[in-house]
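Q: Prediction below, plus the sequence it came from.
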Amino acid sequence: MDKIKTALVGYGAVGEKTHAPLITVCEELELVAVVERNKEKSKEKYPKIKIFRSIEELLEADAADLIVIVTPNHLHFEQAKLCLEKGKHVLVDKPVTLTSKEAEELNTLAKSKGLVLSVFQNRRLDGDFKTVQQLIKEGILGRLVHFESHFDRFRPRLVDNWREKDIPGNGITFDLGTHLIDQAYLLFGNPQWVYADIRSQRTDAVADDYFDITLGYDSIKVKLTASVLSNAPMPKFLLMGELGSYIKYGLDVQEKALKAGELPQGDDWGIESEEGWGTVYLENKTYKYETLRGDYRKFYPNIAKAIAGIEELDVKMSEAIAVLKIIESAFESNEVGKRIYL
């Protein structure tokens, strides 16, 4: 298949450190353009690309067939809609939109035009999450009764970032919460109810920087939590079953590598050293459980092959819509202080 001309809309930290490297190592794609409103920073690493000052200018030039939107969350809906109306395939960084209604509208539009529309849920390709999937499939812990997933960091000082400003789509729930809910949805499906405690804990914070979300199922409790004031070791995953437990610390190694500017290449990409592996605790046995390789490099080839009609999308809009409905229920639960039944 010919390389698909790809444009990146937005070149902030996520665009520069995550999307651009993953696009450039994808054999099926060619990064040909970047939308930067004021600078030309992307030219430093990609001198052959063309810079556009607006998404409208990009679409007018008809420079690319796949548009990757990595802008502040409140811009996603209008920008994705504009691209779809112009006949472009679209990938949007999570969350795809701020409401499930907007996501449904985009999905309908994409289907009517025969276009690919997806959301960047790269955390499905975290090594620790893939390991949890395997652990559950193998049934090592027996029937699960408790699943806990954390995304904790220590960032006590506010920064000049749109996610921490008083604008729609700000905060940690739309950011990290989208990942954790997506993972839980993949594992267990739609919950019966949602209960959430969402807070702004840092002094002068206007955006939420903590959440504790419980998803209710028949036989398992799912607890999802994130904080930016966690400076002590907290488990990334904690699973408890009738035969034993599993606990895993530390974030996937790919994020640190990408932030350090490493290209996602080589046979050792995404492999975690043994010291980071999680531990299985059974009644008469305790042992380290090897973390599977994480590999974000698999994401963009799937998008390309879906555009070519030779693969189904791994991240479907129906899943993104379900995740948004859970997020909406979480905010409602926090507002009214009780469970929200779906």
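A: Perfect, I can see it now.
Q: how close does the most centrally placed residue in the chain sit to V315?
A: Averaging the C-alpha coordinates of the chain gives a centre point, and the residue nearest to it by Cα atoms, centre = their mean is Q121 (3.6 Å). Per Cβ to Cβ, to the nearest Å, Q121 is found 5 Å from V315. From N, CA and C alone the C-beta is placed, and that goes for glycine too.
Q: Tell me which residues touch the spatially closest residue to L117 that is not a sequence neighbour, please.
A: Leaving aside its sequence neighbours, L117 sits nearest to A110 (Cβ to Cβ, 6 or more residues apart in numbering; 3.7 Å). Counting by Cβ atoms under 8 Å, 6 or more residues apart in numbering, A110 touches L84, V90, V116, L117, M317.
Q: ok, now L187?
A: Contacts of L187 by Cβ under 8 Å, 6+ apart are V132, Q133, I136, F147.
Q: Could you check the strand or helix carrying the last one and say which residues are buried?
A: In this case it means F147. Using DSSP states H and E, F147 sits in strand 144-152. Within strand 144-152, the residues that count as buried by 16 or more other Cβ atoms under 10 Å are L144, F147, E148, S149, H150, F151, D152.
Q: Report the beta-bridge partners for the first one.
A: The residues listed as beta-bridge partners of L144 by DSSP bridges are G241.
Q: which residues does it contact?
A: I136, S219, I220, L239, M240, G241.
Q: What of the fifth one?
A: Contact analysis of H150 by Cβ under 8 Å, 6+ apart lists T225, A226, S230, M234, P235, K236, F237.
Q: now for these, which pair is the farthest apart?
A: Pairwise distances across these peak at 15.0 Å for S230 and F237 (criterion: Cβ to Cβ).
Q: which of those two has more neighbours?
A: F237 (19 against 16; other Cβ atoms under 10 Å).
Q: Listing request: residues of this protein with sub-threshold pLDDT.
A: Of all residues in the chain, none has pLDDT under 70.
Q: What residue spans form the domains of it?
A: Here the chain is described, according to automatic domain parsing, as comprising the domains 4-120, 123-298+325-341.
Q: Quick check: end-to-end length of the shortest one?
A: Taking Cα to Cα, to the nearest Å, the first and last residues of domain 4-120 lie 18 Å apart.
Q: In this structure, which residue sits furthest out from the middle?
A: N284 (37.2 Å).
Q: now, which of the contacts of A110 lie within strands?
A: Using DSSP state E, V90, L117 are the members of these that sit in strands.
Q: if we can go back for a sec, could I get the buried residues of strand 144-152 in a markdown table, plus columns for distance to D197?
A: Converted to a markdown table, the buried residues of strand 144-152 look like this (distance: Cβ to Cβ, whole Å):
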| residue | distance to D197 |
| --- | --- |
| L144 | 23 |
| F147 | 18 |
| E148 | 15 |
| S149 | 16 |
| H150 | 14 |
| F151 | 15 |
| D152 | 15 |
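Q: What are the contacting residues of stretch 14-30?
A: 1, 3-6, 8, 11, 31, 34, 41-42, 45-46, 66, 68, 70, 93, 120, 122, 258-259, 261, 263-265, 296-297, 299-301, 303-305, 308.
Q: Kindly report the same for stretch 156-167.
A: So stretch 156-167 is contacted by 72, 74, 170-172, 175, 202, 204-207, 209, 228-229 (Cβ under 8 Å, 6+ apart).
Q: and the gap between the residue farthest from the centre of the chain and Y246?
A: 16 Å.
Q: what do you get for K256?
A: Distance from K256 to Y246, by Cβ to Cβ: 23 Å.
Q: Which one's more surrounded, those two?
A: Y246 (24 against 11).
Q: what about the longest helix in the chain?
A: Assignment by DSSP state H gives helix 317-336 as the longest helix of the chain.
Q: Report all helices and strands that that helix contacts.
A: helix 100-113, strand 117-120, helix 178-188, strand 193-199, strand 210-216, strand 340-341 (3 or more Cβ pairs under 8 Å, 6 or more residues apart in numbering; DSSP states H and E).
Q: Name every strand pairing with the last one and say which way it goes.
A: Right, strand 340-341. In the sheet, strand 340-341 lines up with strand 193-199 (antiparallel) (DSSP bridges).
Q: Using PDB, write out every CA atom in the partner strand.
A: Taking Å, rounded to 0.1, in the frame of the first residue of the first chain, the C-alpha atoms of strand 193-199 are listed here in PDB:
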ATOM      1  CA  TRP A 193     -23.500   1.900  38.000                       C
ATOM      2  CA  VAL A 194     -20.800   4.600  38.600                       C
ATOM      3  CA  TYR A 195     -19.900   6.400  41.900                       C
ATOM      4  CA  ALA A 196     -17.200   9.100  41.800                       C
ATOM      5  CA  ASP A 197     -15.400  11.500  44.100                       C
ATOM      6  CA  ILE A 198     -13.700  14.200  41.900                       C
ATOM      7  CA  ARG A 199     -11.700  17.000  43.500                       C
END
